[in-house]
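1. Here is a sequence with its predicted model. Questions after.
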Amino acid sequence: MKKILITGASGFIGSFLVNEALMQEFDVYAGIRESSNLKYLKNAGIKFFKTKLEDKNTIKKDLKKSGRFDYIIHNAGLTKTCNKSMFEMVNYEFTKNLIEALYETEMIPDKFIFISSLAAFGPGKKNSQTPIKETDTPKPVSLYGKSKLKAELYIKSLNNFPYLIFRPTGVYGPREKDYFVMYKSIKSGMETYIGTKNQYLSFIYIKDLTRVIFDAIKSNIIQKSYFISDLNIYTASEFNKILKTVLNKKTICIVFPKLLIRIIAFFNEKISCKIFHNIPTLNTEKYKEISQVNWACDSTSLIRDFGFKPEFDLEKGINETIKWYIKENLL
């Protein structure tokens, strides 16, 4: 039985990666923090790897206790924070600590999967459906994207390191929180846009994401990077149309000026961070991403290398997602 470590295991993507690893009969270690919520990690087959990624010596001690992993999926990361210096600390420095600990304990896995983000490359050309390609020059617009890109470049700089880098686009599905805000908005009768209805978007359903990652683990391919999407390009209005159909709602449509949303994001962040010490979904860094026009990407290399054929397009994925939220009495 192959042994796999999945960091960030208690989060949305991480918990689904753990489920997939269990289904594929791996010896599964869930990388968590002491404060992690284990709500979705109840399976008795899960072993826990508790460590502090901020402390390389602690990681080394914990690796020596657990023994070498055949595969590591490094999914732990920070997507939003009131302390903006933490983006680089968590997404780059912690990644570097983990890899250096693997080298120094001589426990390099057969494959190291780094879960990056489309944000690491930044948006495509304005007013164009031209998808972002691997050969493009990365131009991240957010601190989150810049920190993920820095981690990518570090990984690629290592000699003979058996990495694969995956950059998911908009990941949605049960348990996810950011798109959930949009579902609630549509249910309340509000259909909103930032600047235009013709924003180009790409998506990947969580189950398709986890499946292609494990197909990649079982392949012989290393030292490559990929964008992950369902191979389609959607507009923001198409996304909302699907939501309205699934939720059976009529809406009032409002296209907000970008400047207004930027101002709202600024004050939303200031108030929430100062009073509640919590970063809201709409914040200044998130605005930098969601205000961009073109988030289409080219994922065709997944077909060539792994025979990827997504099971879920956006309509099918949204249907399954909404059913879950309704079942959980969240919608």
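-> Ah, there it is.

2. Tell me where the stretch 101-250 of the chain has strands.
-> With strands called from DSSP state E, counting those that start in this stretch, the stretch 101-250 of the chain shows them at 111-115, 163-168, 170-172, 190-194, 200-201, 203-205, 224-228, 234-235.

3. To Ile242, which of the ones you listed lies closest?
-> Of all the strands of the stretch 101-250 of the chain, the one in closest proximity to Ile242, counting by C-beta to C-beta, is strand 234-235 (8.5 Å). Every C-beta, even on glycine, is put in place using the N, C-alpha and C of the backbone.

4. per-residue confidence averaged over the closest one?
-> Averaging pLDDT along strand 234-235 yields 96.

5. go on, stretch 127-138?
-> 91.

6. For Ala120, give me its contacts.
-> Pro138, Pro140, Gly145, Lys146, Lys148, Leu149, Glu152, Arg167 (C-beta atoms under 8 Å, 6 or more residues apart in numbering).

7. got a list of what the second one touches?
-> Taking C-beta under 8 Å, 6+ apart, we find Pro140 in contact with Ala119, Ala120, Phe121, Gly122, Lys146, Lys148, Leu149.

8. and those residues, which are buried?
-> Buried members of the contacts of Pro140, counted by 16 or more other C-beta atoms under 10 Å: Ala119, Ala120, Phe121, Gly122, Lys146, Lys148, Leu149.

9. wouldn't the fifth one be in contact with Phe87 here?
-> Yes - applying C-beta atoms under 8 Å as the test, Lys146 and Phe87 come out as touching, 7.5 Å apart.

10. what touches both of these two?
-> Here Lys146 and Phe87 share no contacting residue, scored by C-beta under 8 Å, 6+ apart.

11. which ones are touching Glu311?
-> Neighbouring residues of Glu311 by C-beta under 8 Å, 6+ apart: Tyr205, Lys207, Asp208, Arg211.

12. one step back: in helices, which of the contacts of Ala120 fall?
-> Counted as lying in helices by DSSP state H, out of the contacts of Ala120, are Gly145, Lys146, Lys148, Leu149, Glu152.

13. now the helices for the protein?
-> Residue ranges of the helices in the chain, as given by DSSP H, are 12-23, 56-66, 86-88, 94-104, 143-157, 178-187, 206-217, 236-247, 258-271, 284-290, 301-306, 314-327.

14. So for Asp110, which of those helices sits nearest?
-> Smallest distance to Asp110 across those (C-beta to C-beta): 8.7 Å, for helix 206-217.

15. Show me which residues of that closest one are buried.
-> For helix 206-217, by 16+ other C-beta under 10 Å, it's Ile206, Lys207, Asp208, Leu209, Thr210, Arg211, Val212, Ile213, Phe214, Ala216, Ile217.

16. Relative to Val181, which of those is nearest.
-> Relative to Val181, the closest of those is Ile206; by C-beta to C-beta it sits at 17.0 Å.

17. Now do Asn57 against Leu63, distance only.
-> According to C-beta to C-beta, to the nearest Å, Asn57 and Leu63 sit 11 Å apart.

18. now Ile4
-> Taking C-beta to C-beta, one finds Ile4 at 14 Å from Leu63.

19. When these two are compared, which one has more neighbours?
-> Ile4 (25 against 21; other C-beta atoms under 10 Å).

20. Skipping its backbone neighbours, what lies nearest Gln199 in space?
-> Nearest non-adjacent residue to Gln199, counting by C-beta to C-beta, 6 or more residues apart in numbering: Ala236, 4.1 Å away.

21. What is the neighbour count of Val246?
-> 18.

22. contacting residues around the closest residue to it other than its chain neighbours?
-> Once flanking residues are discounted, Val246 sits nearest to Ile322: 5.0 Å by C-beta to C-beta, 6+ apart. The neighbourhood of Ile322, defined by C-beta under 8 Å, 6+ apart, consists of Tyr183, Leu243, Val246, Leu247, Leu331.

23. which one of those residues sits closest to Glu285?
-> For the contacts of Ile322, the minimum distance to Glu285 (C-beta to C-beta) is 22.1 Å, reached by Tyr183.

24. Pull the contacting residues for Met190.
-> Neighbouring residues of Met190 by C-beta under 8 Å, 6+ apart: Thr251, Ile252, Ile254.

25. Next, the contact list for the last one, please.
-> Okay, so that is Ile254. The contact partners of Ile254, taken as C-beta under 8 Å, 6+ apart, are Met190, Glu191, Thr192, Tyr193.
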